[in-house]
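Chemist: next input, structure requested:
(4 chains)
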Number of protein chains: 2
Amino acid sequence: MKQKITLKHLARELEVSISTVSKALKNSEEISQDTKEKIQAFAKLLNYKPNNIAISLKNKRTKNIGVIIPDIVHHFFTTVFRGIEKYANEKGYNVIVCVSDESFDKEVINMELLANGSIDGFIMALSAETQLKKDYAHLKEVTDQGIPLVLFDRVTDEIACDKVVINDEEAAYLAVKKLIGSGRKGIALVTTEDFFSVSKARKEGYRRALKEHQMEVNENLILKLPYRDIDETAISRFFDNREIDAALCVNEIFAMHSMRLVQKKGLNVPHDVSFIGFTDGILSKYASPSLTAIAQHGEKMGEIAARMLIEKVEGENDGERFVTEIVKATLIERESTIN
Amino acid sequence: MKQKITLKHLARELEVSISTVSKALKNSEEISQDTKEKIQAFAKLLNYKPNNIAISLKNKRTKNIGVIIPDIVHHFFTTVFRGIEKYANEKGYNVIVCVSDESFDKEVINMELLANGSIDGFIMALSAETQLKKDYAHLKEVTDQGIPLVLFDRVTDEIACDKVVINDEEAAYLAVKKLIGSGRKGIALVTTEDFFSVSKARKEGYRRALKEHQMEVNENLILKLPYRDIDETAISRFFDNREIDAALCVNEIFAMHSMRLVQKKGLNVPHDVSFIGFTDGILSKYASPSLTAIAQHGEKMGEIAARMLIEKVEGENDGERFVTEIVKATLIERESTIN
DNA sequence: GGCGGACACGAAAACGGTTTCGTGTTAATA
DNA sequence: TATTAACACGAAACCGTTTTCGTGTCCGCC
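Modeler: A predicted model of the protein is given here:
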């Protein structure tokens, strides 16, 4: 087992000081061409690589960014993560991922752990519990310490920081408008509890589209599902309501279950009931019929979030101006709707 | 912007030495009960948190583990990652993820970067290019430095380290046997190029099952697809062969495309053609018909990999004994096969 | 010959902790 | 009273870098 070689080793072997070695390797003007060449050659020979940790301690910069997401086995978050990782990697940053598992406590613990020097900044989407409790003290603490933070998708107004979201309200509005345009009269909304910022916005878009067309917002056409442990019988019962001839689902999973259960009733998708689902994930593409979906462009969101964060970290950006970037969602039309 | 408080601050305020503060906070016997209480109270008051980087430098232990995977937007790898993250988190480790994107160069660069002190050990699945080139110098270098390494799923015999895999050969064997048992005569294999260790093993299992039943291995029934940019027309042509009444696919995506194209020909799944796919991912569950799948238990694999790595890192394990753990795949029967 | 300034390098502090060892004080013991 | 041990704490080295600030040598110049 070869042991890691350090500046000290090089210095000793070459009979120069550590400072000289350090400077020589950074091609400093201070050192003569001769010695520089000697030292660099020797360092290469011994395959010297500087110790990241020591550099981090010295610079107070780790070149690590912390990503905290509710779930990794979730297509949308995964694509966002890919965007982050890609951009960060290009910029020489590594990514430390923590999964909050929708738990407030885990979110807090992980953040506090990482905030103590391990990372230069955070990118995160709030856990369900955090949004439910509306307790953002841990975020406040981090920003107070001057650690840059970028929130994406599941955000809150109570924290001043950069954010990247999609135009949830408008996307829902346009989706519903499209359903109305194709002659649908009973448009259902399959959503989560209201405490999710995105669900709230989507519901507003849904409402606005209906109102704009003088259609009543009927609470019987709105189904709220818990964010875990999906209850199929509730969905099935909900769709027994034969007023419903279309549904907007706030995520892919809800859409898949709904479509399947509707089909089980002997109804045809899209003719009897049309479907549009948020998140253009892998399921939408392979479903049958394939699902018309609202693409959230996760990878792009991730990339933007990473760019914003790194700009803050590297101080190119004037510290206290916070921006919310809005990524435009797009409707991908497939077989679960008609024109 | 509050600045981070250090031992030095505490020491100055309390008019004791840094060493005393340090010891007091670790509840050292050396320090009197009185001073300990004072110091601890004051530290709590000021919300002192030790700097992770400084501790890492001193201990030469980062409590970070590096995970290098070919792709994160891939259900199997994602579930493995979840297993790793969960276990690591419980043990107080953080996870740094790098995505090799199936590229040899990225894999090498990322490993070298992380190997310089950023992590205590690696968990990885080889990239496609690495398996193609059969160049494992970067792995060798890392293990030579005494950095623990655990390979999973895509492994190689050329590196001595801990490994965790599924019984690919046997799983394929059993799947094919099951198809034969249900009366299938023309069993196809939809696979990747041979340089993937897993595909190779699966093909062997496929062969063994056929031979055992005196069925010929017909190369016309084996379709090799590139690992990216799936060619639908090739698949469609392949299934024009009406000898085929069943297919084993080495991954979910291949299975989904195949099933869809077969159905498009007006054939019935499972009656005309039965399907079994490796990787019991989200698609298998939601496909129609739902796909009979070989569950690789990614989360469990991740957990085992993390356990093995952390044991090595913490030296509970005698250094030079390497183990390969085999996770048993299980067949999940769904609608794409008949009994 | 003395002075000033390049030039090339080294000493040492610093980052924020941990840990070993030394030391001054007190009290118990011979 | 002198010795000793326990006690409570501080000084300093160390982890591996970077960086500031000397400093010694040599040369050119007046």
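
Chemist: so where's chain A uncertain?
Modeler: A:316-319 (pLDDT under 70).

Chemist: quick one: A:Asn339 is in a helix?
Modeler: No - counting by DSSP: H, G, I helix; E, B strand; the rest coil, A:Asn339 falls outside a helix, being coil.

Chemist: contact partners for A:Leu113?
Modeler: Shown in contact with A:Leu113 (Cβ atoms under 8 Å, 6 or more residues apart in numbering or on different chains): B:Asn52, B:Asn94. Placement of C-beta: from N, CA and C, glycine included.

Chemist: check whether the helix or strand where it lies contacts DNA strand C.
Modeler: Following DSSP states H and E, one finds A:Leu113 within helix A:104-115. No - Helix A:104-115 is not in contact with DNA strand C by Cβ under 7 Å from any atom of the strand; minimum separation 12.2 Å.

Chemist: using CSV, list the CA coordinates for that helix.
Modeler: What follows is helix A:104-115, C-alpha atoms only, in CSV (Å, rounded to 0.1, in the frame of the first residue of the first chain):
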residue,chain,number,x,y,z
PHE,A,104,-38.6,17.3,8.4
ASP,A,105,-36.1,15.9,10.9
LYS,A,106,-33.9,14.3,8.3
GLU,A,107,-33.9,17.5,6.3
VAL,A,108,-32.8,19.4,9.3
ILE,A,109,-30.2,17.0,10.5
ASN,A,110,-28.6,16.6,7.1
MET,A,111,-28.5,20.3,6.5
GLU,A,112,-26.9,21.0,9.8
LEU,A,113,-24.3,18.3,9.2
LEU,A,114,-23.3,19.6,5.8
ALA,A,115,-23.4,23.2,6.8
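
Chemist: list the buried residues in it.
Modeler: Judged by neighbour count using 16 or more other Cβ atoms under 10 Å in any protein chain shown, the buried positions of helix A:104-115 are A:Phe104, A:Lys106, A:Glu107, A:Val108, A:Asn110, A:Met111, A:Leu113, A:Leu114, A:Ala115.

Chemist: any idea how far A:Gly121 is from A:Asp162?
Modeler: Using Cβ to Cβ, to the nearest Å, A:Gly121 is found at 10 Å from A:Asp162.

Chemist: now do the shared contacts for the two.
Modeler: A:Pro148, A:Leu149, A:Val150, A:Leu309, A:Lys312.

Chemist: can you confirm A:Asn92 is in a strand?
Modeler: Not Asn; residue A:92 is Gly. No - using three-state DSSP, the assignment for A:Gly92 is coil, not a strand.

Chemist: hmm, it is touching A:Thr62, no?
Modeler: No - using Cβ atoms under 8 Å, A:Gly92 makes no contact with A:Thr62, being 11.3 Å away.

Chemist: which of these two has more neighbours?
Modeler: Between A:Gly92 and A:Thr62, counted using other Cβ atoms under 10 Å in any protein chain shown, A:Thr62 has the larger neighbour count: 25 against 9.

Chemist: let me know how buried the closest residue to DNA strand D within the stretch 151-300 of chain A is, in neighbour terms.
Modeler: Residue nearest to DNA strand D within the stretch 151-300 of chain A: A:Asp162 (27.5 Å; Cβ to the nearest atom of the strand). As a burial measure, A:Asp162 scores 25 neighbours (other Cβ under 10 Å).

Chemist: got it, and A:Phe275?
Modeler: A:Phe275 has 29 nearby residues by other Cβ under 10 Å.

Chemist: again, but for the one 4 residues further on
Modeler: A:Thr279 sits with 26 neighbouring residues when counted by other Cβ under 10 Å.

Chemist: what's the answer for the one 5 residues further on, then?
Modeler: When neighbours are defined as other Cβ under 10 Å, A:Ser284 has 25 of them.

Chemist: how much space separates it from A:Lys49?
Modeler: The value you get for A:Ser284 to A:Lys49, if Cβ to Cβ is used, is 45 Å.

Chemist: A:Asp240 now?
Modeler: Distance of A:Asp240 to A:Lys49, given as Cβ to Cβ: 66 Å.

Chemist: which of those two has more residues huddled nearby?
Modeler: A:Lys49 (15 against 9).

Chemist: how about the more buried one, secondary structure?
Modeler: Following three-state DSSP, we place A:Lys49 in the coil state.

Chemist: which strand residues bridge the closest residue in space to A:Asn167 that isn't next to it in sequence?
Modeler: Spatial nearest neighbour of A:Asn167, chain neighbours left out: A:Ile326 (5.3 Å); criterion: Cβ to Cβ, 6 or more residues apart in numbering or on different chains. For A:Ile326, the beta-bridge partners are A:Val165 (DSSP bridges).

Chemist: neighbours of A:Ile326, how many?
Modeler: A:Ile326: 13 surrounding residues under other Cβ under 10 Å.

Chemist: residues contacting it?
Modeler: If you count contacts by Cβ under 8 Å, 6+ apart, then A:Ile326 has A:Val164, A:Val165, A:Ile166, A:Asn167 around it.

Chemist: for DNA strand C, see how far away the first one is.
Modeler: It stands for A:Val164. Counting by Cβ to the nearest atom of the strand, to the nearest Å, the separation of A:Val164 from DNA strand C is 31 Å.

Chemist: settle this for me: that residue is touching A:Phe152, isn't it.
Modeler: Yes - using Cβ under 8 Å, A:Val164 is in contact with A:Phe152, at 4.7 Å.

Chemist: what ranges do the helices span in the stretch 151-300 of chain A?
Modeler: Secondary structure of the stretch 151-300 of chain A (DSSP state H, counting those that start in this stretch): helices located at A:168-181, A:197-212, A:232-238, A:252-264, A:282-286, A:298-313.

Chemist: just the buried residues of the fourth one, please?
Modeler: Neighbour counts using 16+ other Cβ under 10 Å place A:Glu252, A:Ile253, A:Phe254, A:Ala255, A:Met256, A:His257, A:Ser258, A:Met259, A:Arg260, A:Leu261, A:Val262, A:Gln263 of helix A:252-264 among the buried residues.

Chemist: likewise for the shortest one?
Modeler: Along helix A:282-286, these residues count as buried under the neighbour rule (16+ other Cβ under 10 Å): A:Ile282, A:Leu283, A:Ser284, A:Tyr286.

Chemist: again with stretch A:44-58
Modeler: A:Tyr48, A:Asn51, A:Asn52, A:Ile53, A:Ala54, A:Ile55, A:Ser56, A:Leu57.

Chemist: try stretch A:266-280
Modeler: A:Leu267, A:Val269, A:Pro270, A:Val273, A:Ser274, A:Phe275, A:Ile276, A:Gly277, A:Phe278, A:Thr279, A:Asp280.

Chemist: relative to A:Ser288, how far out is the second one?
Modeler: The span separating A:Val269 from A:Ser288 equals 9 Å under the rule Cβ to Cβ.

Chemist: could you do the third one as well?
Modeler: Taking Cβ to Cβ as the measure, A:Pro270 and A:Ser288 are separated by 12 Å.
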